[in-house]
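Pasting the sequence and the predicted coordinates here, then a few questions.
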Amino acid sequence: MKTVKSINPYFFFLLLMLGSFNLLNGQQNVPAKVFGQDKVLLKYPWAGGMNSIQFGAVDVNRDGIKDLVAFDRNGNRMMCFVNSGVYNQVDYVFAPQYVKLIPDISDWAIFADYDMDGRTDIFAYSPDWAGIQVYKNVSESTLKFKRVVYPYLKSFQENMYINLLVTEADYPAIADLDYDGDLDILSFWGYGSFVNYHKNLSMEKYGTPDSLDYALEEYCWGRIAESDESNAIYLDTCFTNYQPVARSQKKERHTGSTFLMIDLNRDSVLDLLLGDVDYPSLFALYNAGTRQEAFITSFDTSYPAGNKPIGLYSMPVAAYIDVNNDFVKDMLVSPFDPTPEKSQNKHSVWLYMNTGANDHPFFIRKTKSFLQSQMIDRGAGAYPVLYDWNGDGLDDLFVGDYGFYQYSYYDDFKRLYSVHTSKIAWYQNTGTAQQPAFTLMDDDVGDLFEKGYLGLIPAFADLDGDGDVDMLAGYEAGKLILATNDGNNNLIFETDHYADIDVGDFSAPQLFDLDDDGAKDLIIGEKRGTLYYYHNEGTTGNPVFTLMNDSLGEVNVTDYALSYTGYSTPWFFRVGNGPVQLVVGSEQGKIFHYTNIDGNLNGKFTLTDSLDELLDTTGVSWDRGMRTAAVIGDINHNGQAEMIVGNYSGGLEYFNGNAEVSPGITKHHTNINPLYIFPNPVKDRAVLSFNSDNQNVHLSIFTVEGNLVLSKTIQLNVAGRYRLNITWLPNGLYVVKITTPSAVYTGKMAVVR
């Protein structure tokens, strides 16, 4: 009998990886690692932070397993996390590549399968219409949505089909209330405190659930009313002569509520979890009626009762999703309040694991920082600055913020106020020149937290001529804080009105030699969206700042169609020895890029759309959320530009492009081509082949984690091939990259022995 040699099962794994591993835009884009203050590696450091999250279960990678999508209404940011699908494990991988496949959402979204085809659809707020638009999931092999209802979903009421009214301040319930197989809708009445029940008639009329045919079934669902002035609930209350004030017209309280329907007690009718604006709790309203006629007879004001109840400012919204693949849905809770300054931020995503059943849950709080504990999350706002603080030749990362939530209180008119306090973090670059890694070393640089400032944004230079680095920091009052270095890299607070500089509100300083005279000048962004330019008439060590212009370059990042404020955050930079360029963050989230700066400080800078070209990225939206800030530098010392962007959700995003740079010249490799590797998998030697006229090219090999294992110049033979000896490489999957003056070639290589 013929002997068959056994095959290493690792071979099959690598074959699978070769088929499924995807290089975004044909590049190896693995950002720097980040470690917390406990030196533990963060799993999602560059996910961008979380503040006010609405969750949904969507199969984003089409593998048959429901993944997690997270929508942050602070900046209308969408995030995707791919679920490993392992039973009884909470295990997700951050997957930003799927975000572009999801429609742009504003204010709120509910993820629900309305046509019962197994694919999660999206009900979303329709801006300017106070209604609901609907996106149908039409995915096959790739995630895809099609808008099927716009500008708003209609409901038959008062003998006509009219807008099913839902404002941006309310989060409706979309569930099969009568158990007939289609999705009904609960929402607050636009002119009062009653809950409207809009019945879906799809099954009754057509025998299928996909028609979205609604009619107002009950104007006072559950026979309950909510107080106009508080979160009080009145039972068995459906007055016919009630004359309430319209929700949109109430002056004393900002109205708004959140709904989630769950069968809380296994009686086969859905109960209601209700959140209310300006309050931290969810009320559990128990339905003792029938599927056809709800009747709320009791409620719990502290849910889940006796088991670390929800206390989350402000206006908690809940999602019912199985996060650990045990086939039992868990509860995720986060703030919904449309006023971001009122809400919890650093610990704003609460996970309650369900140890009961789907129709009789028993919730145990697992964490107050689900997912966000594995991110850089600086509360509200994140303002990054790159500076080599310890003089080791590596850029460290400093992050200012708007503030961390401290506590909330009510005034005499029951209006909610929340207190936030800002601080500055220092992440030391503990990696190498080619492989940066950031470790949180100081959570409160200069001990400014105790002073109670808002909106701290740092800038660094030797400001007193003693040879060490001092700090300026902008803040809410529009002035500047000075903290000097004591010689041991301890920053000592000196003043919060440095040089009597005042730009109005929310000063955002940068120290940069703008006119190339050897002395660092001072540029300050501010709330109105413009830039102040103070020329340094002295030296860097003994500065004398003189105001030259309060509208430098005619930069103004305010979007007057939406706001009268801009919150400009400037970052001037040079790529190599090239010309000065500028990126500016803004209130509405867009990152603005300007050129034509050198020799033009009295003129108008040129606004460009060339950030993709600069960073060698493709198809990236530079609208990154809300109140953004950006820095650009050669963080990994590869001669290429990288960018870090902060946003109001307290997090950072890292854009590691492929724009190779020579001194004074930016070379943009817009041509990304396949590299042919054979045999593949390979044991000892592989042949690299590609179409190029260049014989001397650069070879790089990376692990799939992004670690560089080989970097050298190689010479091709006349056929454009190179024979690569990889006997020294351990088994594994690698990314091989060839760089020429005009193009980049990439391929995947499996080493199997």
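Good, I have the coordinates.

Tally up the residues packed near residue 266, please.
12 (other C-beta atoms under 10 Å). For glycine as for every other residue, the C-beta is placed from the backbone atoms N, C-alpha and C.

Pop out the phi and psi values for residue 181.
Dihedral angles of residue 181 (phi, psi; degrees, to the nearest 10) stand at phi 100, psi 0.

Just give the number of residues close to it.
Neighbourhood size, residue 181 [other C-beta under 10 Å]: 13.

Quick check: the gap between it and residue 136.
Applying C-beta to C-beta, to the nearest Å, the value for residue 181 to residue 136 is 17 Å.

can you check residue 637 too?
Computed as C-beta to C-beta, the residue 637 to residue 136 distance reads 48 Å.

Ok, residue 365 next?
Counting by C-beta to C-beta, the gap from residue 365 to residue 136 is 35 Å.

Which residue of these two possesses the greater neighbour count?
For residue 365 versus residue 136, the count of surrounding residues by other C-beta under 10 Å is larger for residue 136: 20 against 16.

Surely residue 414 touches residue 230?
Yes - under the criterion of C-beta atoms under 8 Å, residue 414 makes contact with residue 230 at 6.5 Å.

just checking, residue 105 touches residue 78?
Yes - using C-beta under 8 Å, residue 105 makes contact with residue 78 at a distance of 6.6 Å.

Between those two, which contacts overlap?
Shared contacts of residue 105 and residue 78 (C-beta atoms under 8 Å, 6 or more residues apart in numbering): residue 71.

Contacts only, for residue 89.
324, 325.

if you set the cut-off to 6 Å instead, what comes out?
Taking C-beta atoms under 6 Å, 6 or more residues apart in numbering, we find residue 89 in contact with residue 324.

For residue 325, see how far away it is.
Following C-beta to C-beta, the distance that separates residue 89 from residue 325 is 7 Å.

what's the answer for residue 597, then?
In terms of C-beta to C-beta, residue 597 sits 53 Å off from residue 325.

Which parts of this protein belong to which domain?
Structurally, the chain divides into domains by automatic domain parsing as follows: 50-374, 383-667, 671-751.

The second one - what's its average pLDDT?
Right, the one you point to is domain 383-667. The average pLDDT within domain 383-667 is 93.

Name the nearest residue to residue 209, ignoring sequence neighbours.
Spatially, and ignoring its direct neighbours in sequence, residue 209 is nearest to residue 182 (3.8 Å; C-beta to C-beta, 6 or more residues apart in numbering).

do the same with residue 590
Using C-beta to C-beta, 6+ apart and skipping the chain neighbours, the partner closest in space to residue 590 is residue 623 (5.0 Å).

got it, and residue 153?
Nearest non-adjacent residue to residue 153, counting by C-beta to C-beta, 6+ apart: residue 132, 4.2 Å away.

and what of residue 279?
Residue 279's closest residue in space is residue 231 (C-beta to C-beta, 6+ apart), at 4.7 Å.

Would you agree that neighbour is in contact with residue 276?
Yes - using C-beta atoms under 6 Å, residue 231 is in contact with residue 276, at 3.8 Å.

and residue 259, what helix or strand is that in?
Using DSSP states H and E, residue 259 falls within strand 257-262.

Beyond that strand, next helix or strand please.
Using DSSP H and E, the helix or strand that directly follows strand 257-262 along the chain is strand 271-276.

Name the next helix or strand downstream of that following strand, please.
Using DSSP H and E, the next helix or strand after strand 271-276 towards the C-terminus is strand 282-287.

So in that sheet, which strands flank that next one, and in what orientation?
Sheet pairing of strand 282-287 (DSSP bridges) gives strand 271-276 (antiparallel), strand 296-300 (antiparallel).

Name all residues that make contact with residue 349.
50, 53, 334, 370, 372.

how far away is the last one from residue 121?
Read that as residue 372. As defined by C-beta to C-beta, residue 372 lies at a distance of 27 Å from residue 121.

what does the first one give?
Residue 50 sits 24 Å away from residue 121, going by C-beta to C-beta.

Residue 222 belongs to a helix, doesn't it?
Yes - under DSSP: H, G, I helix; E, B strand; the rest coil, residue 222 sits within a helix.

Local confidence estimate at it?
Residue 222 is assigned a pLDDT of 96 by the prediction.

Isn't it up against residue 298?
No - Residue 222 lies out of contact with residue 298 (C-beta under 6 Å); the separation is 11.3 Å.

Pick out whichever of those two has more residues nearby.
Neighbour count, other C-beta under 10 Å: between residue 222 and residue 298, residue 222 has more, with 27 against 11.

contacting residues around that one?
Here residue 222 is in contact with 294, 296 (C-beta under 6 Å, 6+ apart).

Apply 7 Å and report the result again.
Listed by C-beta atoms under 7 Å, 6 or more residues apart in numbering, the contact set of residue 222 reads 195, 285, 287, 294, 295, 296.

Distance of the residue nearest to residue 153 relative to residue 125?
Residue 132 sits 7 Å away from residue 125, going by C-beta to C-beta.

out of these two, which sits in the more crowded spot?
Remark: of residue 132 and residue 125, residue 132 carries more neighbours, 28 against 25, as counted by other C-beta under 10 Å.

Give me the average confidence score over the host helix or strand of that one.
Per DSSP H and E: residue 132 is located in strand 131-137. Across strand 131-137, pLDDT averages out at 98.

Touching both of residue 414 and residue 230, which residues are there?
Common neighbours of residue 414 and residue 230, using C-beta under 7 Å, 6+ apart, do not exist here.

one step back: and of the contacts of residue 349, the nearest to residue 529?
residue 50 (26.3 Å; C-beta to C-beta).

Before we move on, what's the pLDDT of the closest one?
Confidence at residue 50, expressed as pLDDT, is 98.

List the contacts of it.
Counting by C-beta under 7 Å, 6+ apart, residue 50 makes contact with 70, 72, 348, 349, 371, 372, 377, 649.

Need the max-distance pair from these.
Pairwise across the contacts of residue 50, and taking C-beta to C-beta, the largest span is found between 70 and 377, at 12.9 Å.

Between the two, which is the more surrounded one?
For residue 70 and residue 377, the more surrounded residue by other C-beta under 10 Å is residue 377, and the numbers stand at 30 against 23.

Can you tell me the element the more buried one falls in?
Using DSSP H and E, no helix or strand contains residue 377.

For it, which residues are in contact?
Residue 377 neighbours (C-beta under 7 Å, 6+ apart): 49, 50, 346, 650, 651.

From residue 261, how far out is the last one?
Between residue 651 and residue 261 the distance, using C-beta to C-beta, works out to 31 Å.

got it, and the first one?
When distances are taken as C-beta to C-beta, residue 49 and residue 261 turn out to be 30 Å apart.

and the two? which has more neighbours close in?
Shown here are residue 49 and residue 261; by other C-beta under 10 Å, residue 49 has more neighbours (33 against 19).

Could you check how far the spatially closest residue to the more buried one that is not a sequence neighbour is from residue 379?
Nearest non-adjacent residue to residue 49, counting by C-beta to C-beta, 6+ apart: residue 651, 2.3 Å away. Here residue 651 is placed at a distance of 10 Å from residue 379 (C-beta to C-beta).
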